[in-house]
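[1] pasting a predicted model and its sequence here:
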There are 2 protein chains.
Amino acid sequence: MEDSIFEIGAFMDANRAWMKSFAWGGLDVRPKQRLAVLTCMDSRYTAQGILGLELGDAHVIRNAGGRVTDDAIRSLVLSAHALGTRGCVLIHHSKCGLYGNSNDAIYTMVKDATGADASGIDFLPFTDLEGSVREDMRQLAECNLLPEDYQVLGFTYDVDTGLLVEVKLDS
Amino acid sequence: MEDSIFEIGAFMDANRAWMKSFAWGGLDVRPKQRLAVLTCMDSRYTAQGILGLELGDAHVIRNAGGRVTDDAIRSLVLSAHALGTRGCVLIHHSKCGLYGNSNDAIYTMVKDATGADASGIDFLPFTDLEGSVREDMRQLAECNLLPEDYQVLGFTYDVDTGLLVEVKLDS
């Protein structure tokens, strides 16, 4: 059997420290700030860190790019209607693995590594950071499955400076 | 214009503190521990907190339930082939908004609130917490778009105690 890549002992040590911290104690399933954040899976930041959110404040949905996909909609609709959130903060970031990438380049990588054909997947690469935020804000604004008064706030995040900049839908 | 639900001033204050912290400085786009975490959007824990991960260590993918959806696969495939990750830690948790829920109940909530028909969406509710972890571990193990030696580690997380418990695929 091959060696595990996972540091399971370290995970268990961290979990014991987490349990003792009681940081998670007494929080409700319904987010306190009644909001959801949709952002990228990128390892270099957390939604909580860059927005100053505490445990219990907000749902955090993350995928490659922070894109508004069918699955992000599934999550946001459940978040709003079953768990009381009323808006979404959407954040895309600079130097994303999807920025300047292309589906064809990714299909080739997958084919070369596995032999499998990934051409059924749109990986949602983009070349205009603010443009991708606006495109996705528009999708949320137009989604009839979200509450009529649902609010959307968009940002770009710069991984080199740590700066958030608001993106307006109408500019 | 209606009042914003977002505490934008607080977000900007937090962002300035984040920038000064330099916590994000000099990190690479490729996760250091070469792993991805897939877990729920739940507000009461972070993947970093319960596993002891640092910024830069791992991609974090979050959706309603932490389910293996097409979009989670899109993210994990990009994470593995474009950004060098070699395995995924999958975590589902107790008292999830999807636990014991049903698609029909969610369709009714959406219909009542918006008038819209959400019946095209499978919200992926579940009634067996360990079972849903195993089902999703199996999907990852069988996904031919991921590297052949891709590793998968599964956990349940208890929101009342903070405890992670490993779930084995073959038990």
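    Nice, thanks for sending it over. Numbering: from 1, shown residues only, chains lettered A, B, ... in the order given.
[2] residue ranges in chain A under the pLDDT threshold?
    Within chain A, the segments meeting pLDDT under 70 span A:1-2, A:171.
[3] might you report the residue contacts of A:Arg86?
    When contacts are counted by C-beta atoms under 8 Å, 6 or more residues apart in numbering or on different chains, A:Arg86 touches A:Arg34, A:Leu35, A:Ala80, A:Pro147, A:Asp149, A:Tyr150, A:Gln151, B:Ile5. The C-beta positions use only the backbone N, C-alpha and C, and glycine is treated the same way.
[4] got the contact list for A:Val110?
    Shown in contact with A:Val110 (C-beta under 8 Å, 6+ apart): A:Ala116, A:Asp117, A:Ala118, B:Val77, B:His81, B:Leu145.
[5] count the residues that sit near the nearest residue in space to it that is not next to it in sequence.
    Setting aside the residues directly before and after it, A:Val110 is nearest to A:Ala118 in space (C-beta to C-beta, 6 or more residues apart in numbering or on different chains), at 4.1 Å. Counted by other C-beta atoms under 10 Å in any protein chain shown, the residues lying close to A:Ala118 total 21.
[6] now do A:Lys20
    Neighbours of A:Lys20 under the rule other C-beta under 10 Å: 9.
[7] would you map the strands across chain A?
    For chain A, strands defined by DSSP state E occupy the ranges A:35-40, A:58-63, A:87-93, A:151-157, A:164-167.
[8] so can I have a markdown table of the ones you listed showing mean neighbour count and distance to B:Tyr99?
    Below are those laid out as a markdown table (neighbours: other C-beta atoms under 10 Å in any protein chain shown; distance: least, C-beta to C-beta, whole Å):
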| stretch | mean neighbour count | distance to B:Tyr99 |
| --- | --- | --- |
| strand A:35-40 | 28 | 19 |
| strand A:58-63 | 28 | 15 |
| strand A:87-93 | 25 | 23 |
| strand A:151-157 | 22 | 28 |
| strand A:164-167 | 18 | 34 |
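[9] save the ones you listed as CSV, and put in distance to chain B too.
    Shown next, in CSV, are the strands of chain A (distance: least, C-beta to the nearest C-beta, whole Å):
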stretch, distance to chain B
strand A:35-40, 7
strand A:58-63, 4
strand A:87-93, 5
strand A:151-157, 5
strand A:164-167, 5
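[10] out of those strands, which is closest to B:Gly65?
    Nearest to B:Gly65 among the strands of chain A is strand A:58-63; the distance by C-beta to C-beta comes to 11.2 Å.
[11] check the offset of that closest one from the chain's centre.
    With C-alpha atoms, centre = their mean, to the nearest Å as the basis, strand A:58-63 stands 5 Å off its chain's centre.
[12] CA atoms only for that strand, dumped as PDB, please.
    Provided in PDB are the C-alpha atoms of strand A:58-63 (Å, rounded to 0.1, in the frame of the first residue of the first chain):
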ATOM      1  CA  ALA A  58     -21.900  33.500   6.900                       C
ATOM      2  CA  HIS A  59     -22.100  30.600   4.600                       C
ATOM      3  CA  VAL A  60     -18.900  30.200   2.600                       C
ATOM      4  CA  ILE A  61     -19.200  28.600  -0.900                       C
ATOM      5  CA  ARG A  62     -15.900  28.000  -2.700                       C
ATOM      6  CA  ASN A  63     -15.100  26.500  -6.100                       C
END
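[13] tell me what it is packed against?
    Judged by 3 or more C-beta pairs under 8 Å, 6 or more residues apart in numbering or on different chains; DSSP states H and E, strand A:58-63 is in contact with strand A:35-40, helix A:47-51, helix A:70-81, strand B:58-63, helix B:70-81.
[14] what packs against the shortest one?
    What that stands for is helix A:47-51. Checked by 3+ C-beta pairs under 8 Å, 6+ apart, helix A:47-51 has strand A:35-40, strand A:58-63, strand A:87-93, helix B:8-21 packed alongside it.
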